[in-house]
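# Fold the following, please.
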Amino acid sequence: MATSRSAVALGPTPTPTGMRTVMIAVSLALAAVCTASAGAAAGVERPNIIFFFQDDQDEMLGGFDTPMPKTLSLMSAGSRLHGFTSVPVCCPSRVSLWSGRNPHNNKAIAHEPQGWCSEGIFDEGPDEDYSAAAYAKAAGYTTGLYGKYLNVRNNVSNIPAGWDSWFMMVHENKYLKNDFSVNGTYVQYGDDFETDYLTTILRRNATEWLRARFQTNENDRAAGRDPSPVFLTIADHAPHVPATPEPKYAGTYAGRKAPRPVTYDAPQDIIDQHHWLVRSQPPMSELQKNWTDDLFERRWETLRSVDDMVEAVWDVVSEAGQEDNTYVFRETAPAAPRGPRAAPVGAAPPAPSPALTTRHPAPPRSDCIPFPPWPRLHCSVGRPR
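Model prediction:
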């Protein structure tokens, strides 16, 4: 039987010693939320929040623009922010994202179980009970997570506090034959690209849930009840390795090479100016360069499917007439390099540059909420100047 930890009375948590930039997406999203009383007093419905969280994607690699034209068009009515992360690997970044605390406070310091990340201190301690989802739920939001939560979470029946719909990847690094915790029940998919491709599964289930929520809200309005705004997170694995594209997109970027900045397979005089880990990298072989280019092609091809998913979700928002009452945030976990600094793949640089893009409702709104996991945030969000 599934178990769900409910946060009945959310009190203040210890103030974090610092703010991680990879947390910006959720912090801004929740900062954009009105409290129930404030929203009711103003006669304005609280905005919906849709949060797309990609894995292993970096702006320097071009994945935010060229392979995702529909997403780029959607997010053009918004802003783009840049930043750095203190622990440039996926799972600790995810724990900090949801908990609002730095790794030295949340204790998630590495991917491995002994690093207390995938399963351990975070999901057994108080931080998870005071996550962004828990506070969104306490603010009157209906919440849903579809896709990757941490890296591996074998406790299928346990649903963290705050999530109304829980569709979580149990394991990672697969585009087919995925297994999920669906509201606490173990569900396994097959290897049919038409029905079982990871991004397709997330798109299908997330849009079904979102459409149902909007219909419920419409029924509530008709009955004179206040609708519950939506806080939806969709966390795909793309474009992370093994970067398996859908057949219809395979070969789309054939011949496309990984970027060659000045740091690509950098000469020794440049390498010597960097961190000891960077200095330790030997020159790349031709085999490594070819493999890096092949991986780069496939990464971009997986993002075409993500672009379709973003479009499908926004279509549901548009069908419900919620375009001007919905914030869209798009963030990424830190990306490993593909050739820069003489590192072919897998070595996370000390300071990657994930980017956050947002789409704001129009006309611009100014909504705020005190959000206990982080210092009080004030936002006045509008179109970029």
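# Cys91 and Pro103 touch, don't they?
No. Between Cys91 and Pro103 there is no contact under CB atoms under 8 Å: 10.2 Å. From N, CA and C alone the C-beta is placed, and that goes for glycine too.
# And those two? Which one has more around it.
Each of Cys91 and Pro103 has its neighbours counted (other CB atoms under 10 Å); Cys91 has more, 25 against 22.
# Which helix or strand contains the more buried one?
Using DSSP states H and E, Cys91 sits in helix 90-99.
# Could you tell me which residues within the helix or strand that that helix is followed by count as buried?
Next along the chain after helix 90-99, taking DSSP H and E as the criterion, comes helix 103-106. By neighbour count on 16 or more other CB atoms under 10 Å, the buried set for helix 103-106 is Pro103, Asn105, Asn106.
# again, but for stretch 187-194
By neighbour count on 16+ other CB under 10 Å, the buried set for stretch 187-194 is Tyr189.
# Show me what the mean pLDDT comes to for that stretch.
Regarding stretch 187-194, the rounded mean pLDDT is 96.
# Pull up the distance across it, start to finish.
From its first residue to its last, stretch 187-194 covers 18 Å (CA to CA, to the nearest Å).
# From the chain's centroid, how far away is that stretch?
Remark: stretch 187-194 is offset 23 Å from the chain centroid, using CA atoms, centre = their mean, to the nearest Å.
# quick one: His286 and Val230, what's the gap?
Let me fix one detail, which is that residue 286 is Glu and not His. Glu286 sits 50 Å away from Val230, going by CB to CB, to the nearest Å.
# Have a look at those two and say which one is more surrounded.
More neighbours surround Val230 than the other of Glu286 and Val230, with 27 against 7 (other CB under 10 Å).
# what pairs with the nearest residue to that one once chain neighbours are set aside across the strands?
Excluding the flanking residues, the one nearest Val230 by CB to CB, 6 or more residues apart in numbering is Asn48, at 4.4 Å. Taking DSSP bridges as the rule, Asn48 bridges to Thr326.
# Gly184 is in contact with Phe167, correct?
No. With contact defined as CB under 8 Å, Phe167 does not reach Gly184; the gap is 10.7 Å.
# what's the overlap in contacts for those two?
Counting by CB atoms under 8 Å, 6 or more residues apart in numbering, Phe167 and Gly184 have no shared contacts at all.
# ok, these two, which is more surrounded?
Each of Phe167 and Gly184 has its neighbours counted (other CB under 10 Å); Phe167 has more, 21 against 16.
# Output the helix holding Cys91 in CSV with nothing but the alpha carbons.
Extracted in CSV, the C-alpha atoms of helix 90-99 (Å, rounded to 0.1, in the frame of the first residue of the first chain):
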residue,chain,number,x,y,z
CYS,A,90,22.6,15.8,-10.8
CYS,A,91,21.4,14.3,-7.6
PRO,A,92,22.8,16.7,-5.1
SER,A,93,21.5,19.5,-7.3
ARG,A,94,18.1,18.0,-7.2
VAL,A,95,18.1,17.6,-3.4
SER,A,96,19.1,21.3,-3.1
LEU,A,97,16.4,22.3,-5.6
TRP,A,98,13.6,20.6,-3.6
SER,A,99,14.9,21.3,-0.1
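# Perfect, that will be all.
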